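Participant: Fold the following.
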Amino acid sequence: MNTESPVSRRAALCGIVVALAVPSGLVTACSSPAPSGTGSSSTPKQNGSTPTSGSTGGALVALADVPEGGGALVNSPDGKKIVVARISATEVKAYDATCTHQGAMVGEPAGGTITCPAHGSQFSPADGSVKKGPATTGLRAVAVRVQGDQVVLA
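Facilitator: Next up is the predicted model:
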């Protein structure tokens, strides 16, 4: 009698995606986002710096590390992934990096679009709205502002 539980199709595909993505530096989340508060405030940001503590005013990323017309994927002080988009020299917008379709992490803004690598949903960096499905709702905005040479939580 076989007592092992079968591997779900989703788990098998996630394993394949991770195995193929790790060598290129790209890892895609295939499951629901982690519950709130599970991140560590000492986890390094993708840009190599360490997040600051506090829920407001915490530095997310240096403005110089966010290319104009592009963006950066960073950790908030509570460990959640945030996508920061630089709209102009002095304007930035930020969104929860969790795709509203099935919870995968979206990529950095490029070419005027924030794209989810899991199923191809595309969002506007200017307002987080859906540009192309399968997502039907936009990304959740995160209040940020430029303070000196840093992008900080507002």
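Participant: thought residue 143 was touching residue 153?
Facilitator: Yes: using C-beta atoms under 8 Å, residue 143 is in contact with residue 153, at 6.7 Å. (Each C-beta comes from the backbone N, C-alpha and C, glycine too.)
Participant: Between the two, point out the one with more neighbours.
Facilitator: Higher neighbour count among residue 143 and residue 153: residue 153, with 21 against 10, using other C-beta atoms under 10 Å.
Participant: partners of the more buried one in the sheet?
Facilitator: residue 144 (DSSP bridges).
Participant: got the domain boundaries for this protein?
Facilitator: 1-31, 36-153 (automatic domain parsing).
Participant: neighbours around residue 91, how many?
Facilitator: Residue 91 has 12 neighbouring residues, counting by other C-beta under 10 Å.
Participant: Next: residue 106.
Facilitator: Per other C-beta under 10 Å, the neighbour tally for residue 106 reads 29.
Participant: Strands of this protein, start to end?
Facilitator: All strands of the chain, identified by DSSP state E, fall at 59-62, 71-75, 81-86, 92-96, 114-115, 122-123, 130-132, 141-142, 144-147, 150-153.
Participant: Tell me the strands beside the fifth one, with direction?
Facilitator: Read it as strand 114-115. Using DSSP bridges, strand 114-115 pairs in its sheet with strand 122-123 (antiparallel).
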